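> Here is a sequence together with a model predicted from it:
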Amino acid sequence: MLSEKQFPFLAEKGHVVSLVGGGGKTTLLYAFARHCAAKGWRVLVSTTTHIRQPGENYAADEAALASLWAAGRYAVAGVPAEQGKLTALPPEQLTCWMAQADMVLLEADGAKRMPCKVPAAHEPVLLPESDIVLAVAGLSALGRPLREVCFRLEQACALLGAAPETLLTPELLARLLASEKGGRKLVGNRRFSVVLNQADAPARIVAGEQTLALLHEKYEVQGVLAYFDERERA
């Protein structure tokens, strides 16, 4: 469940929110979309890279966009691509549709469904209009070797100064998320925070709270824990 206390921007129209990282970005994206659409807002979900094409709520054109919003539903926009994915809309079209929305939610990089990642040279793709960046990671990554849980393993090992067999600890995850070569890459002056997803068991919650404390104390980065049940996952 989401709350506006956890995510204050959900109470404010006009934001362009970009999600980066791994461990449930798309699930979080659609949860935000449902929350804002339920308030009667015009919500646009899209991508600057790739996103899975939804079974519903797809806006293929301007008429479909208007119809979805009129029905109180969020709209998902992108150009159909291979393997059931959507890629970014042409810039002029995306800019036009964003200008009509009360809330824009963008998936700004990919992680091949792995719980954490370090960006490659071309990632993430943050639009100038984006004013909020959320770095997402899955708590299922903690206590496991980097090679099993981290997308862009070579970059992760270089960033952390660690071998592929190194177990991911709260300290290492906090460093990865707070780094300007990791979760905070290209953020600049945008509002930035961390979402630790998969907080679905006592041990994960404890480890997540340790990670959040380290982010706050060592890096002055705020974050929250999140959990979605099976029915809510994208």
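That came through fine.
> Just confirm Arg204 is within a strand.
No - counting by DSSP: H, G, I helix; E, B strand; the rest coil, Arg204 is not part of a strand but helix.
> what about it, neighbour count?
For Arg204, the tally of surrounding residues (other C-beta atoms under 10 Å) stands at 20. From N, CA and C alone the C-beta is placed, and that goes for glycine too.
> How much space separates Arg42 from Lys181?
Distance of Arg42 to Lys181, computed by C-beta to C-beta, to the nearest Å: 36 Å.
> Of these two, which one has the most company?
Arg42 (22 against 13).
> quick one, what contacts the more buried one?
69, 75, 100-103 (C-beta atoms under 8 Å, 6 or more residues apart in numbering).
> State the pLDDT value of it.
On the pLDDT scale, Arg42 is placed at 98.
> ok, the lowest-mean-pLDDT helix or strand in the chain: who's next to it in the sheet?
For the chain, using mean pLDDT, DSSP states H and E, the weakest element among its helices and strands is strand 50-52, scoring a mean of 89. Each strand paired with strand 50-52, and its direction, by DSSP bridges: strand 85-87 (antiparallel).
> ok now the strand it pairs with, how far from the chain's centre?
A distance of 16 Å separates the centroid of the chain from that of strand 85-87, by C-alpha atoms, centre = their mean, to the nearest Å.
> same check, this time on stretch 116-133
10 Å.
> All the helices of this structure, residue numbers only.
For the chain, helices defined by DSSP state H occupy the ranges 25-37, 62-70, 91-100, 146-149, 153-160, 170-178, 202-219.
> Would you mind getting the angle between the second one and helix 91-100?
Between the axis of helix 62-70 and that of helix 91-100 there is an angle of 20 degrees, by axes from the mean of the first three to the mean of the last three C-alpha atoms, to 10 degrees.
> who's the most centrally placed residue in the chain bridged to?
Central residue of the chain (C-alpha atoms, centre = their mean): Leu19, 2.7 Å from the mean position. When assigned by DSSP bridges, Leu19 has beta-bridge partners Glu107, Leu134.
> I'd assumed Tyr30 was in contact with it.
No - using C-beta atoms under 8 Å, Leu19 is not in contact with Tyr30; the gap is 10.7 Å.
> Kindly state the pLDDT recorded for the residue lying farthest from the centre of the chain?
Going by C-alpha atoms, centre = their mean, the residue of the chain most distant from its centre is Ala63, 27.7 Å out. Predicted confidence (pLDDT) for Ala63: 97.
> Tell me where the model's unsure across this protein.
Along the chain, the model assigns pLDDT under 70 to residues 1, 230-234.
> if we go to 90?
For the chain, the stretches with pLDDT under 90 are 1-3, 24, 52-56, 82-84, 110-111, 113, 227-234.
> circling back: so how far is Thr49 from the residue nearest to the centre of the chain?
When Leu19 is compared with Thr49 (using C-beta to C-beta), they lie 11 Å apart.
> between these two, what contacts are shared?
107-108.
> how near is the nearest residue to Lys85 once chain neighbours are set aside to Tyr219?
Leaving aside its sequence neighbours, Lys85 sits nearest to His50 (C-beta to C-beta, 6 or more residues apart in numbering; 4.7 Å). Between His50 and Tyr219 the computed distance is 29 Å (C-beta to C-beta).
> Any idea how many residues pack against Glu62?
Around Glu62 there are 12 residues (other C-beta under 10 Å).
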